[in-house]
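# Show me how the following folds:
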Amino acid sequence: KIVLDKDSLILCSFYGYITGVNFEDKVPTMLRCGYCTLIYKFDTILGLHCCQNMDCKEYRAESKHTIKQLNVRVDVTDETGTLQACVLRDEAIQRYYNVSTDEFIGFSWDKLAAVKSELQLVPMKLTMAVLLPTMERRTAVFSVIHMKLSDIDEFCANMVSPV
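Take a look at the predicted model:
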């Protein structure tokens, strides 16, 4: 069902696990335009990544106003199943690890391996934002916006019983 933009955001908190993380030896990143915030795309004529929004003042220009953003995807699992390739928001990573985006991008291979193993299969309280499909966005977007370690007692007490 397609909804209006004003009704398209749902927030939910639940207890579950991160069961997959999409980085191995480096953190996936993307660049966004600092003016219109759309993702930079590669322009074959100019031979560089730039803003492709015709309404933006930085359209097809080599801009110094870029936003570097993490592009980390995680699989989130609870007792009902798994949501694959959810966006792990920069803000969630910054709060959880108490680092900036640039510091996280600069982590060594060993540190990234530790981060990956530290995140996976650990009981957590997760908060997600779900952007429902609208006329402009035809598919739902699932984003982890907050994560907090949960002790096993809290986790079990709040986990829905499949009985």
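# Which stretches in this protein count as helices?
With helices called from DSSP state H, the chain shows them at 90-97, 101-105, 109-119, 152-158.
# Give me the contacts around the third one.
It stands for helix 109-119. 18, 21, 23, 24, 25, 26, 27, 74, 97, 107 (C-beta atoms under 8 Å, 6 or more residues apart in numbering). In this view, the C-beta of every residue, glycine as well, is placed from N, C-alpha and C.
# ok and the longest strand anywhere in the chain relative to helix 109-119, angle-wise?
Criterion DSSP state E: the longest strand present in the chain is strand 9-21. Taking axes from the mean of the first three to the mean of the last three C-alpha atoms, to 10 degrees, one finds strand 9-21 and helix 109-119 inclined to each other by 120 degrees.
# and strand 9-21, which residues are buried?
Using 16 or more other C-beta atoms under 10 Å as the test for burial, strand 9-21 gives 14, 15, 16, 17, 18, 20, 21.
# swap in stretch 89-101?
Buried residues in stretch 89-101, counted by 16+ other C-beta under 10 Å: 89, 90, 92, 93, 96, 101.
# right, and the fourth one touches residue 104 too?
Yes - checked against C-beta atoms under 8 Å, the pair residue 93 and residue 104 is within contact range at 5.8 Å.
# Next, show the common contact partners of these two.
Counting by C-beta under 8 Å, 6+ apart, the residues touching both residue 93 and residue 104 are residue 70.
# Take the contacts of helix 109-119 and lay them out in CSV including distance to residue 125 and pLDDT.
Formatted as CSV, those follow (distance: C-beta to C-beta, whole Å; pLDDT from 0 to 100):
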residue, distance to residue 125, pLDDT
18, 12, 96
21, 18, 93
23, 23, 81
24, 27, 74
25, 30, 69
26, 29, 79
27, 24, 84
74, 15, 95
97, 17, 93
107, 24, 90
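# Of those, keep whichever come out buried.
18, 21, 23, 27, 74, 107.
# show me where pLDDT drops low in this structure?
For the chain, the stretches with pLDDT under 70 are 1-7, 25, 161-163.
# try 90 this time
1-9, 22-31, 35-39, 42-49, 60-68, 79-80, 108-109, 113, 132-140, 152-163 (pLDDT under 90).
# for the contacts of helix 109-119, which one is nearest residue 53?
Nearest to residue 53, judged by C-beta to C-beta, of these is residue 27 at 25.6 Å.
# thinking that closest one is in contact with residue 72, fair?
Yes - taking contacts as C-beta under 8 Å, residue 27 lies within contact range of residue 72: 6.7 Å.
# hang on, the earlier thing: which helices and strands sit right next to the longest strand of the chain?
Applying 3 or more C-beta pairs under 8 Å, 6 or more residues apart in numbering; DSSP states H and E, one finds that strand 9-21 contacts strand 73-78, strand 81-88, helix 109-119, strand 124-131, strand 141-149, helix 152-158.
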